[in-house]
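Chemist: I would like the atomic coordinates for the input below:
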Amino acid sequence: MKHQNPGCGGGHDDPAQTLQQALANISAEIHPVEGFECVATRDALDRVLYAPVHSTVNVPAHSNSAMDGYALLGAGLPAEGERAFRVIGTAFAGHPFAGQVGDGECVRIMTGAPVPEGADTVVMQERVRREDDHAHIGSGHRPGDNVRMAGEDIKAGAVALEPGLLLRPAHLGLIASLGIGEVKVRRRPRVAFFSTGDELASIGEPLGPGQIYDSNRYTLFGMLQRLGVEVVDLGVVRDTREDLEQAFQLAASQADAIVTSGGVSVGEADFVTETLDKIGEVGFWTVAIKPGRPIAFGRVQGALFFGLPGNPVSVMVTFYQLVQPALRILAGIAAPEAPALVTAVLESRLKKKPGRREFQRGVLQMDADGTCKVSPAGRQGSGILRSMAEANCFIVLPEDYGNVEAGAEVTVQPFAGLC
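Modeler: Numbering: from 1, shown residues only. Next up is the predicted model:
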């Protein structure tokens, strides 16, 4: 990481990187955290798989019926006309037929039941005419129909799941189907965060002159919790060189990554940049997005550092667009999913100047005919958190866009795909 010294003409004065450039530079600096723990399969949801899961059994364990119907030898199916097969028994899931099926014979079979010895085909019951103890079956069937072969999903000894996978409910079911009760998962990244500013008061404290309650710590806490990392809340740090340096030292000693809000602009009381110049290194200070242009990325004594702006909406935009993808890489997810994007029809005009990628708050709805429509969610100022709370998506406007008229198609990033 190339060190930039904001006090010597670099950093803040450098041209802002595009979002894509910033993401690429961040990704190049991050390696997954080391270490693992063994957890019960039921407790592995949303954890990152550390080691491959090998199957000790065939899945399915035996050839079984995919339908309710009649099991028989496929070679005996009629090429034309109809043939009567004598029904010699019934097979249920968990209660297989114990005998053997011969030529001209069949077994009534239920979905999931093992295919009896001597049979290799199941004819679905809707295509069978039953008379007493005979099943009359016509032409048009093929040997092997409606049979799930043993091991066709996973063979014994094969790798069922690869490392780096973020485990979802279907993965837990797959692991359980192999009879495995415990898996190795990568340890969770530890993320320390704090807010900076003498103007900030914590909930429960009376507001002094010019003070506001610290909302950023609560939005950051919520977003970090959704990612499943270990959260270290260091509270509000005052705007002094000594307090900031002490907070950074403490955070770096406890965490893999540090996230701060406020203090990354060039104001006289913004000592974050000065402290970083002393005990850390910074790769970049600005990204060409709105809101959220002033954002710092670097390291403090080995820990990753993300210095987010102080405005509440800017904190959320920069977290979702830059910090969240980075923390997913840090967590060891082999192929982090990109946020979902949809196309929607804009219902009212949007103002924009070319030059930066904008993330405007919007309300996305779907008409009865399936058409997605989006409208702005109130005022778009970077300090207006209410419109962020009322929104359910970002309206993403590329760098080269100017004003966008109603009726135009725009790209939308639903919040549901971000967290």
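Chemist: now the protein, which segments are flagged as low pLDDT?
Modeler: Under the criterion pLDDT under 70, the flagged ranges of the chain are 1-15, 264-270, 382-383, 419.
Chemist: Show me the residue at the heart of it, geometrically.
Modeler: For the chain, the residue nearest the mean C-alpha position is E337 (5.9 Å; C-alpha atoms, centre = their mean).
Chemist: can you give me the helices for the stretch 251-400 of the chain?
Modeler: Ranges of helices within the stretch 251-400 of the chain are 272-279, 312-318, 324-330, 385-390, based on DSSP state H, counting those that start in this stretch.
Chemist: Between those helices, which one is closest to E117.
Modeler: Closest approach to E117 among those (C-beta to C-beta): helix 324-330, 50.0 Å. The way it works is simple: take the backbone N, C-alpha and C, and place the C-beta from them, glycine included.
Chemist: Point out the other elements, helices or strands, that that closest one touches.
Modeler: Packing contacts for helix 324-330, counted by 3 or more C-beta pairs under 8 Å, 6 or more residues apart in numbering; DSSP states H and E, involve helix 19-29, helix 216-227, strand 257-261, strand 303-308.
Chemist: quick one: contacts of it?
Modeler: 23, 26-27, 30-33, 189, 191, 223-224, 227, 229, 256-257, 304, 306, 336, 418-419 (C-beta atoms under 8 Å, 6 or more residues apart in numbering).
Chemist: ditto for stretch 222-234
Modeler: By C-beta under 8 Å, 6+ apart, stretch 222-234 touches 46-47, 188-194, 217, 221, 247, 250-251, 254-255, 259, 316, 319-320, 324, 327-328, 331, 419.
Chemist: Whichever of these end up buried, select them in PyMOL.
Modeler: Buried members of those, defined by 16 or more other C-beta atoms under 10 Å, are picked up in PyMOL with:
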select buried, resi 47+188+189+190+191+192+193+194+217+247+250+251+255+259+316+319+320+324+327+328+331
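Chemist: out of the contacts of stretch 222-234, which are inside strands?
Modeler: 190-194, 259 (DSSP state E).
Chemist: what's the spacing between the residue in the chain sticking out farthest from the centre and V87?
Modeler: Taking C-alpha atoms, centre = their mean, the residue of the chain most remote from its mean C-alpha position is D132, at 55.7 Å. Distance of D132 to V87, given as C-beta to C-beta, to the nearest Å: 9 Å.
Chemist: likewise I279?
Modeler: 82 Å.
Chemist: Likewise for Q301?
Modeler: 77 Å.
Chemist: try A156
Modeler: 34 Å.
Chemist: isn't K290 right next to P354, touching?
Modeler: No: K290 lies out of contact with P354 (C-beta atoms under 8 Å); the separation is 11.3 Å.
Chemist: more neighbours, the two?
Modeler: Neighbour tally, K290 and P354, criterion other C-beta atoms under 10 Å: the higher count belongs to K290, 20 against 11.
Chemist: Contact partners for that one?
Modeler: Counted by C-beta under 8 Å, 6+ apart, K290 has contacts 356-359, 382.
Chemist: Which ChimeraX command selects the buried ones in those residues?
Modeler: Applying 16+ other C-beta under 10 Å to those, the buried members can be selected in ChimeraX as follows:
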select :356,357,358,359,382
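Chemist: Among the contacts of K290, which are located in strands?
Modeler: Short answer: the contacts of K290 in strands (DSSP E) are 357-359.
Chemist: Stretch 337-353: which residues count as buried?
Modeler: Of all the residues in stretch 337-353, those buried under the rule 16+ other C-beta under 10 Å are 339, 344, 346, 350, 352.
Chemist: Same question for stretch 395-402.
Modeler: Quick answer for stretch 395-402 (16+ other C-beta under 10 Å): 395-397, 401.
Chemist: Columns distance to R148 on top of these, output as TSV?
Modeler: Converted to TSV, the buried residues of stretch 395-402 look like this (distance: C-beta to C-beta, whole Å):
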residue	distance to R148
I395	46
V396	44
L397	50
Y401	52
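Chemist: Can you name the two of those that sit furthest apart?
Modeler: Most distant of the buried residues of stretch 395-402, by C-beta to C-beta, are I395 and Y401, 10.6 Å apart.
Chemist: Return every residue with contacts to both of those two.
Modeler: E358.
Chemist: list the contacts for the nearest residue to P163 once chain neighbours are set aside?
Modeler: Leaving aside its chain neighbours, P163 sits nearest to L49 (5.4 Å; criterion: C-beta to C-beta, 6 or more residues apart in numbering). For L49, the contacting residues are 161-167, 171, 183-186, by C-beta under 8 Å, 6+ apart.
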